[in-house]
Structures are given as structure tokens and as C-alpha cells.
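> Test case, fold it:
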Amino acid sequence: IRDVNEAPVLQAASLAVNENSAVGAAVGDALVATDPDIYASQTLTFDVRLGNASGVFSIDAASGQVRVAQAVLDFESRSDYVLTARVTDNGVPPLSATATVSVSVVDVNEVPVWVSGQVRSVAENSGSGTLVGVPLTASDQDQRQTMSYSLVGGDGVSLFVLDATSGQLSVSNGASLDFETKRVYWLMVRATDNGSPVLSADTNVTVQLLDVNEAPVLDDTSRSVLENSVIGVAVGSPIRGSDVDSNQFLTYEIVDQSVANMFRIDALSGQLEVRTASLDFESLSQYSVTVRVKDSGAGTLSDTGLVTVNVLNVNEAPVLTIVSLSVEENSAVGRLVGSPLVATDPENDVVTFSISYSDDGMRALAVTSSGQVFVNSTTLNFEARRVYDLPMVVSDGRLSSSGTIRVSVLDVNEAPVFPYTIRSVRETAAVGSL
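So this is what the prediction gives:
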């Protein structure tokens, strides 16, 4: 019997390989082929005949081991392949056989994927629960899985909360977000899938605070100014408002005052000044001025403050009340001339009176410290001097003022005076003789 070369037999196979397998990874067990020509010592050679146009797989020609040829296996894109494998002997003539090889791509849980450079923004001073931008979401190639989110670090982890289901970031309860204190925070956010095994991925998220115009603050304050100050005198130091928005400038205006038009304010410096020169401590020692401060931000915000202006007392000279007095000539020393003089002192200080004599002739009259003019000598004579203009000085002990008090000498009818005369006459003189 003459031996005839017979075709080999290749068994159909169902193989499996994990998605994402690297190049060279074995795909299941090697293919199994037999050859009836057991006495011919033939060699079998394997190759892929159909179904591998993209070259995803390769087959070892000698062993029949199918391997990954390209690292493109993705369960979510394609979960199975159907190959037609061929085995060929080296008989004469060479014969071959084919079989279907099914390759299933096994789904492997894959790590969630974040888009890098996640940035969110929120206005400063936002309240609890305010949403911070759109939700943070990671992607997962594994379909039908559920993603959960959590905050795992960062310098803003106590200021924000993250919804585990939606990935929505929001402001936490009691958080204080102040652009002027800190403008940027960072958070580490973790996305976790529910695959087997559970996998997660972290990403850094930048949270930027948006500057919001905030109202300036003007505290109630007080200033002092001396009474009798002239127009334009500064009333203490400038009024100063504060504003946390450092890039703005403030302006000032008076919106009300207890006495109209007493004060004015410089719009830029906040310097309060005297507008009307009628400040008098004795009349009114305190004024109220309401000042408004405005910022230069969007929407122009303002605040008002009450400025209490205290008028400081200044010692003022007493003022003599000018009167005219009269006294009879020949009045005795010590006789009172009219009523006591009167002087007014704004501070109600005790005042004293004196005469600044310009000539000794005036010393016929004098004044007590309490203001009583009296006769000081017996030289008052209407026929010699009819008027005394006394330069009177009134003092409170620190300041003084002067004024002229006119004292008129009144004429008094006086008995005629017969001068003592000696005459002589002869004893024999006749009647009628001189």
C-alpha cells in the first residue's frame, strides 16, 4: 500500500483575551491540529487566513499560539473577533485545513479619566450652598458603571462640599470667601467607579474667587475745634472711611448737620472744615454732622457715619459796659459815684476793675476791684474841671479789655465868699467919707 499525503485537521477554537492586553500577550491556549500521516514525520505550519485584516492578532507558525499583535483591544469598542485559521503540512503535495477561531475580548474594569486643568469660579462672599460652576465629571470607558465623587485634599477642602453623585461643587456652611484675603484655592477631587475591582482617579481643581464690589465703611467718630475759628480752619484730622476693595478710591460729602452750613468737607481728602465763622462755645458746644463715603466700584456703594464736633472753650476777654456817671463838685472823699460798673465775661469768670491813670488830675476819682467808682480827693471843682474820662480796665485774671467811663462833675451853688480886708478911717472923718 502506497502512503498518500492526507490533509491535516484543525480544531475550531473559542479563545478569550482581556481588553487592553499588551502586544505579545497570549490569546488563550495554542490551536490544536492533527495530521493522519503519522509515519511521515510531517511539520505543521499555522497562519491566519481570514478575519485579521487589521492585523490585531498574530499566530505562531510553529506552535499555533494566537497572540496580540496590536495594543488596541477595547471591549467597549469591539467585544469579539472571528478568525479563520489555517494549518498546512509539508507533505507532497502540501495540504491544509481551516477552522474558525472565535476570540472574545474580556471586559476589564478601567480607571476613570479626568480632563486635566479643571477650573471653577465663584463670587466672593457667596453663601452656603452656592453652586461653584458646572459639575465636575470624570469619564469611564466601562459602560453601565456608576461614578461617585469626593474631596480628598487641598487648601479649600473645608470651604467647599462636593455632591457624591453629581460632582457638583458648592460653598460649605459657614465658609468665608474673601477675594482680598485669598483669591485662589485648590482641591483634590477623586472619582471612584463601582467596577470590580473598584478603581479611582484623582485630579486637581482650581477654584477662583471673583471680586465683588463691597460697600465702604465709615465709623462714627468725633472731632474738636476751637471756638471763634475762622472760615477754612481744619476740624481735627481728616475723616477716613475704609474699603476692603483696595483698588478703589473714596469720596466724601455732608448729607446732614444739626446746624446748617456750619461745616464743609473736602470730597477727596475727607477733611472737615469750618464754613461759617460763628462757633461760640458759650452758645453751642457740640454739633452733629452726618458724612457719606462713596466708593468708585461698579454700582457705587456707600456708607454714612456720624461725626460729633466738639467746640473747645477759649478764654475770652471780659467786656466793659460803657456808662456815664456824674458826681457833685465838692463831694467828700469816699462818696460813691453811681452804681457799680458792669462787665460781662463769656466764661463767667470773676472780673476786677482798675483805672489806668493818664494824669494825676484823674486821681480825684478811683474804682474798687468790684467796679464801684468813688471820690478819692476833695479836689472836685466844677469851675476847675467839669469832666473826667476814666480809662477803665476790666480783667478776668488772664485777659483784659478797656473802655472809657465818663464822669461829669455837677455844679453846686456855693455861698459867696467875703475876703478878709482891713480899712482905715480918721476919727474925725465926716459922714459919707470914703
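
> Let me see the contact set for the residue nearest in space to the middle of the chain.
Here the mean C-alpha position of the chain is nearest to the C-alpha of V244 (C-alpha atoms, centre = their mean), at a distance of 1.5 Å. Neighbouring residues of V244 by C-beta atoms under 8 Å, 6 or more residues apart in numbering: D178, E180, E214. Yep, even glycine has a C-beta here, placed from its N, CA and C like the rest.

> Can you pull the phi and psi angles for it?
With angles defined as degrees, to the nearest 10, V244 sits at phi -70, psi -20.

> circling back to that earlier point, for the contacts of V244, which one is nearest V101?
Within the contacts of V244, the smallest distance to V101 is 67.2 Å, found for D178 (C-beta to C-beta).

> R275: how many residues sit nearby?
Burial measure for R275: 18 neighbouring residues, criterion other C-beta atoms under 10 Å.

> From what I see, it and I231 are in contact.
Yes: counting by C-beta atoms under 8 Å, R275 does reach I231; the two are 6.5 Å apart.

> Apart from its neighbours in sequence, what residue is nearest Y388?
The spatially closest residue to Y388, leaving aside those adjacent along the chain, is V407, at 4.4 Å (C-beta to C-beta, 6 or more residues apart in numbering).

> Can I take it that that neighbour is in a strand?
Yes: under the criterion used here (DSSP: H, G, I helix; E, B strand; the rest coil), V407 sits inside a strand.

> Look up how far F46 lies from it.
As defined by C-beta to C-beta, to the nearest Å, V407 lies at a distance of 153 Å from F46.

> Would you mind listing where this structure has pLDDT under the threshold?
1, 39-40, 417-421, 423, 425, 434 (pLDDT under 70).

> can you map out the helices along it?
Chain-ordered helices for the chain, with DSSP state H as the definition, do not occur.

> State the distance from the closest residue to L341 other than its chain neighbours to L336.
In space, not counting the residues next to it along the chain, L341 is nearest to G371; the distance is 3.7 Å by C-beta to C-beta, 6+ apart. In this structure, G371 lies at 11 Å from L336, with C-beta to C-beta as the measure.

> who's more crowded, those two?
G371 (20 against 14).

> The residue nearest to G241 when sequence neighbours are not counted - how many residues pack around it?
Across the structure, with C-beta to C-beta, 6+ apart as the measure, the residue nearest G241 apart from its sequence neighbours is V293 (3.6 Å). Neighbourhood size, V293 [other C-beta under 10 Å]: 23.

> and if you look at V184?
For V184, the count of nearby residues is 12 (other C-beta under 10 Å).

> Repeat that for A99.
Number of residues near A99 (other C-beta under 10 Å) recorded here: 18.

> Who is it paired with across the strands?
In this structure, A99 has beta-bridge partners A85, where bridges are defined by DSSP bridges.

> measure it to M147 for me?
For A99, the distance to M147 under the criterion C-beta to C-beta works out to 43 Å.

> And for L226?
Between L226 and M147 the computed distance is 76 Å (C-beta to C-beta).

> more crowded one of those two?
Neighbours around L226 and M147, counted as other C-beta under 10 Å, are more numerous at M147. The numbers are 19 against 14.

> so that one sits right up against P135, yeah?
No: M147 is not in contact with P135 according to C-beta under 8 Å; the separation is 11.0 Å.

> any residues in contact with both of the two?
Taking C-beta under 8 Å, 6+ apart as the contact criterion, the residues that touch both M147 and P135 are G167.

> can you pull out the strands in the stretch 201-350 of the chain?
In the stretch 201-350 of the chain, the segments counted as strands under DSSP state E, counting those that start in this stretch are 221-226, 251-257, 263-265, 272-274, 286-294, 302-312, 319-320, 324-328, 336-337, 343-344.

> Now V198. Nearest residue, chain neighbours left out?
Of all residues beyond its chain neighbours, the one nearest V198 is T192 (6.2 Å), with distances taken as C-beta to C-beta, 6+ apart.

> From N109, how far off is that neighbour?
Here the criterion is C-beta to C-beta. By it, T192 lies 11 Å from N109.
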